[in-house]
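J.: Requesting a structural model of the entry that follows:
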Amino acid sequence: MKENLILKLWLLIYGGSSLHYFSAQNVQIKDSSGFNIELSDLNVGDRIKILYKEKEDKIALAYEVEPIYNVESIELLSKGLPNHIAKYIYNSTDKLLISVSEFTEEKLSLKIKDFNPDPFTLTNSYVLLSGDEYNKNIKEVDILTKDNVRILNRLDDNTIEEQFDLTKIFGKLKSEKYRFIQFLDEPYAIRIDFEIKENGDLIYESPIIEKFHIPNDR
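T.: Numbering: from 1, shown residues only. The predicted model follows:
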């Protein structure tokens with residue numbers, strides 16, 4: 001029966017650089033000038049401020065898509081979708097193929113094929129974990145951002161070769177297990193686990209794409 005139907009809208013939104021699903025029922029929505037607007041006026045990517053039934057709060061920082069409940073009213077803060085959020089929504093890591101062309105103690109070469117319409121950004125921010133740091137959270141270790149330590153060569157419309165001078169980034173590496181991380185558009189990063197043996201041999205695992213979050217207070 002009609003009177004038993006519950007009107008519920010699920011909408012992908014962001015606050016700061018967060019992503020959430022928003023569930024609304026009989027919620028009052030105003031624009032930044034205080035005028036009432038309809039749910040249909042909100043679009044994917046609009047930034048909103050939420051007044052909860054218990055307290056007033058901005059959207060919590062999170063990269064996993066989570067539902068928001070107990071909403072009393074909403075204020076529309078801004079329209080539009082930032083580029084890194086658009087990539088989070090529309091890009092697929094399944095369309096990002098990464099292979100190792102060369103790997104030594106001094107040099108790492110990657111071949112990156114990206115078939116997304118708006119390719120992921122290959123940043124110049126890196127982390128190298130080793131020893132006791134191997135399983136540490138990213139926020140607990142130094143993130144290095146350095147220029148002039150890599151060469152980018154475009155091989156075709158979808159393929160880039162990326163060459164790193166590891167000694168310029170991290171210095172001379174000793175015999176140990178390592179985890180190399182290069183950040184893409186948040187929250188994604190390339191991760192490669194490798195080991196330098198006592199005899200100088202280097203063995204590595206295939207690159208993978210993982211989610212990492214760097215807190216804003218870094």
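
J.: Quick check: mean pLDDT of the longest helix belonging to the chain?
T.: Across the chain, the longest stretch assigned as helix under DSSP state H is helix 83-90. Mean per-residue pLDDT for helix 83-90: 75.

J.: What is the three-state secondary structure of Leu97?
T.: Secondary structure, DSSP: H, G, I helix; E, B strand; the rest coil: Leu97 is strand.

J.: What distance do you get for it to Val27?
T.: 43 Å (CB to CB, to the nearest Å). Quick note: C-beta positions are derived from backbone N, CA and C, even for glycine.

J.: what does Gly45 give?
T.: 19 Å.

J.: what do you get for Asp201?
T.: 62 Å.

J.: Show me how the record splits this protein into domains.
T.: Domain assignment of the chain by automatic domain parsing yields the ranges 2-85, 91-211.

J.: could I get those as JSON lines with mean neighbour count?
T.: Output for these, formatted as JSON lines (neighbours: other CB atoms under 10 Å):
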{"stretch": "domain 2-85", "mean neighbour count": "14"}
{"stretch": "domain 91-211", "mean neighbour count": "15"}
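
J.: can you tell me which of those the model trusts least?
T.: domain 2-85 (a mean of 67).

J.: which stretches of this structure form helices?
T.: Counting by DSSP H, the helices of the chain are 83-90, 166-170.

J.: Format those as a markdown table; extra columns: distance to Ile112.
T.: Output for these, formatted as a markdown table (distance: least, CB to CB, whole Å):
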| stretch | distance to Ile112 |
| --- | --- |
| helix 83-90 | 15 |
| helix 166-170 | 17 |
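
J.: Out of these, flag the one nearest Phe212.
T.: The minimum distance between Phe212 and the helices of the chain falls on helix 83-90, with 12.9 Å, by CB to CB.

J.: CA atoms only: put the closest one into CSV for me.
T.: Provided in CSV are the C-alpha atoms of helix 83-90 (Å, rounded to 0.1, in the frame of the first residue of the first chain):
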residue,chain,number,x,y,z
ASN,A,83,39.0,15.2,-10.1
HIS,A,84,40.4,12.7,-7.6
ILE,A,85,36.9,11.8,-6.3
ALA,A,86,35.7,11.4,-9.9
LYS,A,87,38.5,9.0,-10.5
TYR,A,88,37.6,7.1,-7.3
ILE,A,89,34.1,6.7,-8.6
TYR,A,90,34.6,6.0,-12.2
